[in-house]
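In: model this:
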Amino acid sequence: MTTILRHNDLDSEAVWHARVDLAACFRAAARMGLHEGICNHLSLMVPGRDDLFLVNPDGWSFAEITASRLLVCDFHRRVIAGEGVPEDTAFYIHARLHARLPRARAAFHTHMPNATALTMVEGEPLAWAGQTALKFYGRTVVDDAYNGLALDESEGDRIADSVGDADIVFMRHHGVLVLAPTIAKAWDDLYYLERAAEVQRLAEATGRRLVPVPRQIAERTAEQMKHEGGRPSADLHLNSIKRLLDREEPEYRQ
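Out: Residues are numbered from 1 along each chain as shown. The predicted structure follows:
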């Protein structure tokens, strides 16, 4: 088990639960092919803190992440707890997102193939032709100003400033960002975003014209999906992947 540095409130039960939940998202994303080598990153603000965040260390694949392997970093690139360092772009993207967008307690950035493919074609990425896509209706933005790798604070700030009020950022030529107030909501959005992109790509491959859902119905359906009658769908989804991992990859909790 990776050593966790003792640091006041970083040893709390809430922080450990957050580590476990975030590690579960890494493992599930790996199982579903939502990652790319060792280059993608999922982060979470440390519970009870507005100046520290959890993120994966450089050099480890999503399939290798455990609760204790996650790093705690501040916004000045100091590693407060854990072994290793964050990958350069992980720090400059996630630190600036969390610093400039307090609502983004969780920030998931991946190059998952179907959603990333939609960043490479002209026009709006989602065609709003399938029910799953309507989960994101009115919640997306396209960052058209691709500027190479994020290797300094200015590029991280530019990406953060492109977000506006969106929860989902299609990063042109690059990948996607999912921003959420909780780990569960970030995971739920990440999973369904890739499914929406996949089914759209399959429909487009037929060569037939896509039929978008009428605007009023799309808006009403998006609102229904947002509330779901009070059902904690995202939490249930995260719990389901943890049960699967508990059976097949229980070491993620270490």
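
In: which residues of the protein score low on pLDDT?
Out: 1-8, 229 (pLDDT under 70).

In: which residues of it fall in strands?
Out: 41-45, 52-55, 71-74, 79-81, 106-110, 140-143, 168-171, 175-180 (DSSP state E).

In: What's the local residue count around Asp152?
Out: 12 (other CB atoms under 10 Å). Where you see a C-beta, it was placed from the backbone N, CA and C, and this is true even at glycine.

In: who are the neighbours in contact with Val15?
Out: By CB atoms under 8 Å, 6 or more residues apart in numbering, Val15 lies in contact with Asp9, Val46, Pro47, Gly48.

In: Look up how far Val169 lies from the third one.
Out: Between Pro47 and Val169 the distance is 24 Å, computed by CB to CB, to the nearest Å.

In: Ok, the second one next?
Out: When distances are taken as CB to CB, Val46 and Val169 turn out to be 23 Å apart.

In: One more: the first one?
Out: Counting by CB to CB, the gap between Asp9 and Val169 amounts to 31 Å.

In: Neighbour count: the two, which is higher?
Out: Val169 (25 against 12).

In: beta partners for the closest residue to that one other than its chain neighbours?
Out: In space, Val169 comes closest to Leu177 once its chain neighbours are excluded; the distance is 4.0 Å by CB to CB, 6 or more residues apart in numbering. Residues in a beta bridge with Leu177, per DSSP bridges, are His109, Val169.

In: I figured Leu177 hits Asp167, correct?
Out: No. Leu177 is beyond contact range of Asp167, at 9.1 Å (criterion: CB atoms under 8 Å).

In: quick one: the residue most central in space within the chain and Ala99, what's the gap?
Out: Geometric centre of the chain, nearest residue: Phe108, 1.9 Å, by CA atoms, centre = their mean. In this view, Phe108 and Ala99 are 17 Å apart by CB to CB.

In: One more: Gly123?
Out: For Gly123, the distance to Ala99 - CB to CB - is 32 Å.

In: Next, count neighbours for Arg208.
Out: Other residues close to Arg208 by other CB under 10 Å number 8.

In: scratch that, Asp74 is what I was asking about
Out: 15.

In: what are the bridge partners for it, then?
Out: Leu52.

In: wait, Ala18 sits on Leu54?
Out: Yes. Taking contacts as CB under 8 Å, Ala18 lies within contact range of Leu54: 6.7 Å.

In: In terms of neighbours, single out the busier of these two.
Out: The neighbour comparison of Ala18 against Leu54 (other CB under 10 Å) goes to Leu54, with 26 against 23.

In: who are the neighbours in contact with the more buried one?
Out: Ala18, Arg19, Leu22, Ser43, Leu44, Met45, Val46, Leu70, Leu71, Val72.

In: Ramachandran angles for Thr182?
Out: Note on Thr182: backbone dihedrals following degrees, to the nearest 10 are phi -140, psi 160.

In: Quick check on Gly123 and Ala99: which one has the bigger neighbour count.
Out: Neighbour totals were compared for Gly123 and Ala99, and Ala99 leads with 18 against 8 (other CB under 10 Å).

In: Setting aside sequence neighbours, what's the nearest residue to Val211?
Out: The spatially closest residue to Val211, leaving aside those adjacent along the chain, is Ala129, at 5.8 Å (CB to CB, 6+ apart).
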